[in-house]
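> Pasted the sequence and its predicted model underneath.
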Amino acid sequence: MGNYKIAIIGSRETILGFKALGLEPVYATNSSEAVESMFSLKREKMGAEGESRNKYAILFVMEDLMMDVTPDDYKKLTADPLPAIIPLPSHLGSTGYGLKKLKGIVERAVGMDILN
């Protein structure tokens, strides 16, 4: 069985350099394209018939594209452990979205906000 893959979703100018690091670039110019891409990549499977597993372990997504993802879509996208969806600051800088989500995850895990 092959190794998991890692994809990065964002604008062409932001993510093209990540291809040299082995990440698969997926181009999106707005939130709706990013959501569509995340659902599509989440559905991709690999492996023998009957033993399929997710093709992607991690989806890096530019924060500016995550800002308009509906709570319902976010819940569906993050319901399973794989692929992990990790927001990254884009060339526009950090929006604070990734840190906000991380704080929420840590608070649920340990029962308090330890990142302040």
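Nice, thanks for sending it over. Residues are numbered from 1 along each chain as shown.
> Could you list everything residue 84 pairs with in the sheet?
Applying DSSP bridges to residue 84 gives these bridge partners: residue 58.
> For it, grab the count of nearby residues.
13 (other Cβ atoms under 10 Å). Glycine gets a C-beta too; all of them are placed from N, C-alpha and C.
> How about the contacts made by it?
Contact analysis of residue 84 by Cβ atoms under 8 Å, 6 or more residues apart in numbering lists 57, 58, 59.
> what are the ranges of the strands in the protein?
5-10, 24-27, 45-46, 53-54, 56-62, 84-88 (DSSP state E).
> Throw the ones you listed into CSV and include distance to residue 34, thanks.
Formatted as CSV, the strands of the chain follow (distance: least, Cβ to Cβ, whole Å):
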stretch, distance to residue 34
strand 5-10, 5
strand 24-27, 8
strand 45-46, 21
strand 53-54, 18
strand 56-62, 6
strand 84-88, 10
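> Pipe the ones you listed into JSON lines and attach mean pLDDT and distance to residue 18 per row.
Shown next, in JSON lines, are these (pLDDT from 0 to 100; distance: least, Cβ to Cβ, whole Å):
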{"stretch": "strand 5-10", "mean pLDDT": "96", "distance to residue 18": "5"}
{"stretch": "strand 24-27", "mean pLDDT": "97", "distance to residue 18": "6"}
{"stretch": "strand 45-46", "mean pLDDT": "90", "distance to residue 18": "21"}
{"stretch": "strand 53-54", "mean pLDDT": "90", "distance to residue 18": "20"}
{"stretch": "strand 56-62", "mean pLDDT": "94", "distance to residue 18": "8"}
{"stretch": "strand 84-88", "mean pLDDT": "91", "distance to residue 18": "10"}
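> Appreciated, that's everything.
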